[in-house]
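1. Model the following, please.
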Amino acid sequence: MMSATLVKDTNFNMRMNKQKKTSLEELYGNLGMTLAEAVNIFFEKSLMEGGIPFDVKISKYNEDTISAMKEAKDIMSGKVEAKAYSSAKELFDELDAE
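-> Now for the predicted structure:
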């Protein structure tokens, strides 16, 4: 009787950012698996799906949305000071003036 487990008879090597690798090892470790096991799961799922097992798309955000997301990231990181309003009226008055 043949075992359902395939023999692992070759190596696959890749380079990645050290910090990303550490983060991935922690993530997958919390799921009870090694980074190599997670990669093997991805490969197996790819074979089952006949391609990458999730959508791979170019984002369709327009320039205004991209600019707003960058501004939000800059505010969150402290690079840009966020505007503050004392009332909703003050906010809407400024928006109307634009």
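
2. element containing Asp64, please.
-> helix 63-77 (DSSP states H and E).

3. So which elements touch that helix?
-> Judged by 3 or more CB pairs under 8 Å, 6 or more residues apart in numbering; DSSP states H and E, helix 63-77 has no packing partners among the helices and strands. Just so you know, the C-beta spots here come from the backbone N, C-alpha and C atoms, and that holds for glycine as well.

4. Begin at 663, not 1, for the rest of this chat.
-> Okay, using 663 as the starting number, the last item reads as helix 725-739.

5. next helix or strand past that helix?
-> Sequence order places helix 750-759 as the next helix or strand after helix 725-739, per DSSP H and E.

6. Report the buried residues of that next one.
-> Applying a neighbour-count criterion of 16 or more other CB atoms under 10 Å, one finds nothing buried in helix 750-759.

7. what is the mean pLDDT for it?
-> Averaged across helix 750-759, pLDDT comes to 89.

8. give me every residue that touches Glu756.
-> Going by CB atoms under 8 Å, 6 or more residues apart in numbering, Glu756 touches Tyr747.

9. Which element, helix or strand, includes Thr684?
-> Assigned by DSSP H and E, Thr684 falls in helix 680-692.

10. so what does that helix touch, helix or strand wise?
-> By 3+ CB pairs under 8 Å, 6+ apart, helix 680-692 packs against helix 697-711.

11. Using the record's domain definitions, break the protein down for me.
-> 680-711, 725-759 (automatic domain parsing).
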